[in-house]
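Colleague: build me a model:
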Amino acid sequence: MPAGRYVFMQFPFIARAMAPLAPVAYIYNSVPFLPFLLFIGVYSFIVNNQSMGRFIRYNAMQAVLLDVLLIIPSVLMGSVLRPPEGGAALQLYESGLNTIFLFVAVSVAYGMGSCAVGQTPRLPLVADAADKQVRGDGPSGF
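Modeller: I've put the predicted structure just below:
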């Protein structure tokens, strides 16, 4: 995840722990349109598949919504905001990227931990929307 580059530089043990995921991340980011196709696939074939259990569909919807939330800082960091050369602006830029990475890392860890013990995870910012979508109160698409 590009937002984790400063965390990985400051804490190399985190980078080593994430190293087994590097080949998957490389393929995910190097194949054109693969992220979009996976996004559409998860939404179409898991979230909207009524024959799958609610627990699976709910967690898949939370993952889709988390991905949508990550598009906003990705676009901002990629096109609008360029990395500053130094000073307070660079510190603010690094803090923003670190916050994004830590939010995602904690959300994933919490979600996986909750699922492992059989509880339904309620991720911040996305749980209510995911619940409405899976329950049927939400729109039929985005």
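
Colleague: do I have it right that residue 18 meets residue 11?
Modeller: No. The criterion here is Cβ atoms under 8 Å, and residue 18 misses it with residue 11 at 10.5 Å. C-beta here means a position set from N, CA and C on the backbone, and glycine is covered the same way.

Colleague: higher neighbour count, those two?
Modeller: More crowded of residue 18 and residue 11, by other Cβ atoms under 10 Å: residue 18, with 15 against 12.

Colleague: so what's the more buried one scoring on pLDDT?
Modeller: On the pLDDT scale, residue 18 is placed at 90.

Colleague: where does it land in three-state SS?
Modeller: helix (DSSP: H, G, I helix; E, B strand; the rest coil).

Colleague: and the gap between it and residue 50?
Modeller: 35 Å (Cβ to Cβ, to the nearest Å).

Colleague: and the residue located most distally from the centre of the chain, its phi and psi?
Modeller: Note on the chain: the largest separation between a C-alpha and the mean C-alpha position, by Cα atoms, centre = their mean, falls on residue 87 (29.2 Å). Here is the backbone geometry of residue 87 (degrees, to the nearest 10): phi 80, psi -160.

Colleague: tell me the confidence at it?
Modeller: Reading off the model, residue 87 has pLDDT 85.

Colleague: what do you get for residue 129?
Modeller: 90.

Colleague: number of residues surrounding it?
Modeller: Counted by other Cβ under 10 Å, the residues lying close to residue 129 total 15.

Colleague: give me the element it is part of.
Modeller: Assigned by DSSP states H and E, residue 129 belongs to helix 127-135.

Colleague: ok now that helix, how far from the chain's centre?
Modeller: 17 Å (Cα atoms, centre = their mean, to the nearest Å).

Colleague: again with stretch 120-136
Modeller: Here stretch 120-136 is found 15 Å from its chain centre; the criterion is Cα atoms, centre = their mean.

Colleague: tell me which residues of that stretch come out buried.
Modeller: 121, 123, 126, 127, 130, 131, 133, 134 (16 or more other Cβ atoms under 10 Å).

Colleague: kindly report the same for stretch 47-58.
Modeller: 47, 48, 57, 58.

Colleague: where does the third one land on pLDDT?
Modeller: So the one you mean is residue 57. On the pLDDT scale, residue 57 gets 92.
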